[in-house]
Structures are given as structure tokens and as C-alpha cells.
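> pasting a predicted model and its sequence here:
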Amino acid sequence: MILSEKIIQDHNTSLLAKHKLHFEFAKSQINDVDSIIKRLVDFQVAIPSWALGTGGTRFGRFPGGGEPRSLEEKIEDVGLLHALNKTSGAISLHIPWDIPTAPKDIQTLAAQHGLAFDAVNSNTFQDQADQEYSYKFGSLQNVNKAIRKQAVDHNIEVIKHGVDLGSKSLTVWLSDGSCFPGQLNFRKAFENTLESLQEIYAALPADWKMFVEYKAFEPNFYSMTVGDWGQSLLFANKLGEKAYTLVDLGHHLPNANIEQIVSLLMMEGKLGGFHFNDSKYGDDDLTVGSIKPYQLFLIFNELTQGAQLNNAPFDQGSGFGWMIDASHNIKDPLEDLLQSVEAIQIAYAQSLLVDTIALEDARQNNDVAKAQEILQEAYRTDVRALVAEARIRAGASLSPIAAYRDLKVRKELISERGLKTIATGL
Ligand code: LRH
Ligand code: MN
Ligand code: MN
């Protein structure tokens, strides 16, 4: 199914009068709306190929019907999202969940939908049917050199797939670690992992980046070899200038101050990108902004201020990997992703409202209440009309979820693909 611009414009017509009222009000409240809207139009967030089907739980899976059965259909789904919001102009592949066997055709198809290929992700956290050794006791950290080599070779294979598609980065997430005290020599595990990462790093093309994603726990529950931003940053610093830390919002211990982590990684020039999602308990992969929207705003506030300080506007080719890593088991995945993208846009727009000069002044004067007022003034401003206006100007839908429902997209996908389809992924 393809949503043409005409169909979307026609759907917008009935919503325009109400939007104009909201937008006029927003303009009366907010300075310089045009520059904020322009930044929103430029901003793109990649969609993970593994989030287009309903995610499973440890206990069961409840596919909703019409799920993509192939990489081609996944691209079609991201194309639908991008047609609706013009902000999802890239797809991030997980290999071997998605293997581009005919890369040129895949690239052509993606380009027809206006999509680029974002980071490619390797997978050494599951055993594949045809592989020689098991990753039960780790991959890049493994005590057995032959197992480490198998995992390194897989990552190099993933880079090759990425090169064929025009990706420019590799994300390495390791489930390596241990479940019980005594199981692992922490130092050896770190050293083995570093050596393996160095071998992968050596295979990176000159214009590529490597993102080292950390996670506090799961599936290992005593130690994780890349367990926090400190360990990730150690690896990234030892690897070299093409290696960066990737922040997945769900990968922290409860109540971690993620915005502070973001600020310091930016200071060090080592923030590679994000996996956006939200969580209440652990790595819940819930819709972005659904649980802690203030935290999301505070993260964007650090990003916006960090970009100003580094003199590197992050929406114009600074090379950050902006990705979603959320997939829910009871929502329609496409609606879930539309909500996630919009939450990111809202947080971004609000961060652009912060009066940074007044905030710095309040900090210099230790005026704590004033500093809080300045942030909350921005956070409590309703910017939804600006985000909607950005969508209109980009040729997207005024209200993506309303359009998705009114145009009966899921029904159409079910009739094309069937009710009992399951997408590869989590
Ligand atoms: C691990 C993770 C990592 C994987 C993805 C499927 O929890 O966040 O990014 O690649 O989930
Ligand atoms: Mn992730
Ligand atoms: Mn995760």
C-alpha cells in the first residue's frame, strides 16, 4: 500500500480550519516559530526494522495482522510512516533478522519511499541455525578465541551489508556478561571484548562510525560487559575517533540521570546516538514519551544546549544516529511508532524554547527557583500546533494517527498480507 501526497492532502483539508486556530494561538505565545518549524522539518528519526511487528513477551505473542513478511514489506511500512509524518526518512536494519539479499533492489525500493539506511545492527545475542559455535557464554568476550572470531566475522559481514545499502554506521550491542558472581573474570572479559571490537573497528570504512550500545542488565543479570556509559566510553576512547557511545533510554538502572550522561558525552564529543523508547521498570521498550516525558524534554534540552556549545546543530548533518528502539506487544506497531516520533518532535521543539541566556544567568546567580521556572516554562508550552505545522509544510499529514485510521491502513495491509503474519524481530 502506498499513501500518495494527494490522499494525505485531501485528508488534511477537513482538519485545516481547526489547526489554523491552534497555530495562530501558538504564534501569539512563541517567538520565532518559523525557525523552530524549519528545524522540525529537517529533523529525521530512523525506524528500526524490528519494530514493525508486534513485540513478543516472555510469555506470549499476539500478532495484530498485516505484519510485514519480508524486508520489502518492512520498507513499505516505514514508507507509510514517512508519508504520514515526513520525519521517518530512514530505516535501521538488524542482521540476520533482515538480510538484504538483493541490495541494489532494496536500495531502489527504499529510495522510492524516500528512505535512507541508518545504522546496521549486528546480532551475537542469539544463536543462528547455521552457526558453528554457541554464544551461550558470550560472544566478543568469550574465553574461546574461535567463538570470538565467529562473532567478529559476523560483525564484519554486517558492515558489508551496510556498505551495499549506503549505511554509514554499525551499532554493536552485546548481551555479554555473567549471571552469577565468580562466573567471569571482569578484566579478561573486558580485554577480550576490546580486542574483538578492535578487529571490527579495523574493518570499518573510513567514513563510518561504530556505536557501542550499553545496557545495565538483561539477559545477563549479575554483570554486563558493556553495562553502562562509563564502560562504553572506555571502549570508544580506546577504539578511536570513529567509535562513539550509543544511549538507549531503557538501558539504565532506575532513576539514572540520563540527561547528565548526555551532557558529558557531548562534552567529550563521544555521543553517537540514541535508541529512543520509554520505560517504567526496565528495558520496557514502551512508546517514547509515554511514561517520563519531562525526562525526554530534559535530554533534548541538553542536546540543544550541547549542540550550541559545540557549534554543531544536530539536525543538519552532525551525524548523530537518531533511532527509535521501541516495540510494543499490544499496540498496532505503526501507531506506536507514529506516537514515538511525535513525542520526540515535541520534546525537541520544547527544548528550542528554553531561554538559554536567562538560564545561564540564573545558574551564575545560584537562582535555583528561576532556573527551574525557565525549564518548566518551556516544557509546559503546548507546541503541538508547531509540530503539526511542520508536517503540513513538509507535505505530511496534519494528524498522522487520525489519517492512518481514517484511511484504514491496517485493514488494507491485512487484506494484502493476511491476518496471520509475523514479522521477524523481538
Ligand atoms: C537490546 C536492544 C539492542 C538490540 C535491540 C533489539 O535490549 O536495545 O539495541 O539491538 O534491543
Ligand atoms: Mn537498543
Ligand atoms: Mn533494549
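Thanks, I have the structure now. Ligands and ions are numbered 1, 2, ... in the order given.
> contacts for stretch 216-228, please.
125, 138, 140-141, 173-181, 183-184, 186, 189-190, 193, 212-215, 231-232, 235, 251-253, 282-283 (CB atoms under 8 Å, 6 or more residues apart in numbering). The way it works is simple: take the backbone N, C-alpha and C, and place the C-beta from them, glycine included.
> report the buried residues of that stretch.
Buried residues in stretch 216-228, counting neighbours by 16 or more other CB atoms under 10 Å, are found at Ala216, Phe217, Asn220, Ser223, Met224, Thr225, Val226, Gly227, Asp228.
> out of the contacts of stretch 216-228, which are inside strands?
When DSSP state E defines the strands, the subset of these inside them is Trp173, Gly177, Ser178, Val212, Glu213.
> looking at the chain, which residue is nearest ligand 1?
Distances between the chain and ligand 1 by CB to the nearest ligand atom are smallest at Trp173, namely 3.9 Å.
> the closest residue to that residue other than its chain neighbours: neighbouring residues, count only.
In space, and not counting its chain neighbours, Trp173 is closest to Glu213: 4.0 Å by CB to CB, 6 or more residues apart in numbering. Neighbourhood size, Glu213 [other CB atoms under 10 Å]: 22.
> my understanding was that Ala203 contacts Ile156; is that so?
Yes. The criterion here is CB atoms under 8 Å, and Ala203 meets it with Ile156 at 4.5 Å.
> ok, and the most crowded of the ones in strands among the contacts of stretch 216-228?
Val212 (27 neighbours).
> so that residue makes contact with Ala236?
Yes. With contact defined as CB under 8 Å, Val212 counts as touching Ala236 (5.5 Å).
> next, the residue in the chain sticking out farthest from the centre: phi, psi?
The centre of the chain is farthest from one residue, Asn365, which by CA atoms, centre = their mean lies 37.0 Å away. The phi/psi pair for Asn365 (degrees, to the nearest 10) reads phi -100, psi 10.
> which parts of this protein sit against ligand 2?
Asp248, His275, Asp325 (CB under 5 Å from the ion).
> for the second one, give me its contacts.
His275 makes contact with Glu213, Leu246, Val247, Asp248, Leu249, Gly250, His251, Met323, Ile324, Asp325 under the criterion CB under 8 Å, 6+ apart.
> once you drop chain neighbours, what's closest to the fifth one?
In space, not counting the residues next to it along the chain, Leu249 is nearest to Asn277; the distance is 5.5 Å by CB to CB, 6+ apart.
> which one of the residues of the chain next to ligand 2 sits closest to Lys408?
Asp325 (28.3 Å; CB to CB).
> and stretch 146-162, is it in reach of ligand 1?
No. Stretch 146-162 stays clear of ligand 1 (CB under 6 Å from any ligand atom), getting no nearer than 11.4 Å.
> OK, contacts around Lys370?
Taking CB under 8 Å, 6+ apart, one finds Ala358, Ala362 in contact with Lys370.
> could you double-check that Gly273 lies in contact with Leu249?
No. Counting by CB under 8 Å, Leu249 is not a contact partner of Gly273; they are 11.7 Å apart.
> buried residues in stretch 348-357?
Buried, per 16+ other CB under 10 Å, within stretch 348-357: Tyr348, Ala349, Gln350, Ser351, Leu352, Leu353, Val354.
> got it, and stretch 87-103?
87-98, 100, 103.
> returning to what we had before: just the buried ones among the contacts of His275, please.
So, by 16+ other CB under 10 Å, the buried ones in those are Glu213, Leu246, Val247, Asp248, Leu249, Gly250, His251, Met323, Ile324, Asp325.
> nearest residue to the last one in space, please, no chain neighbours.
Once flanking residues are discounted, Asp325 sits nearest to His275: 3.4 Å by CB to CB, 6+ apart.
> state the three-state secondary structure for that neighbour.
strand (DSSP: H, G, I helix; E, B strand; the rest coil).
> what sits opposite it in the beta ladder?
Asp248, Met323 (DSSP bridges).
> what sits up against stretch 397-414?
1, 3, 7-8, 11-12, 15-16, 19, 64-66, 77, 80-81, 83-85, 332, 334-335, 338-339, 342, 388, 391-392.
> who in the stretch 101-250 of the chain is up against ligand 1?
On the criterion CB under 6 Å from any ligand atom, ligand 1 has as its neighbours in the stretch 101-250 of the chain the residues Asn121, Trp173, Glu213, Lys215, Asp248.
> how about those in a markdown table, adding distance to Leu52 and pLDDT?
Output for those, formatted as a markdown table (distance: CB to CB, whole Å; pLDDT from 0 to 100):
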| residue | distance to Leu52 | pLDDT |
| --- | --- | --- |
| Asn121 | 14 | 98 |
| Trp173 | 19 | 98 |
| Glu213 | 20 | 98 |
| Lys215 | 22 | 98 |
| Asp248 | 18 | 98 |
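> returning to what we had before: going by distance to Thr381, which of the buried ones among the contacts of His275 wins?
For the buried ones among the contacts of His275, the nearest to Thr381 is Leu249 (22.6 Å; CB to CB).
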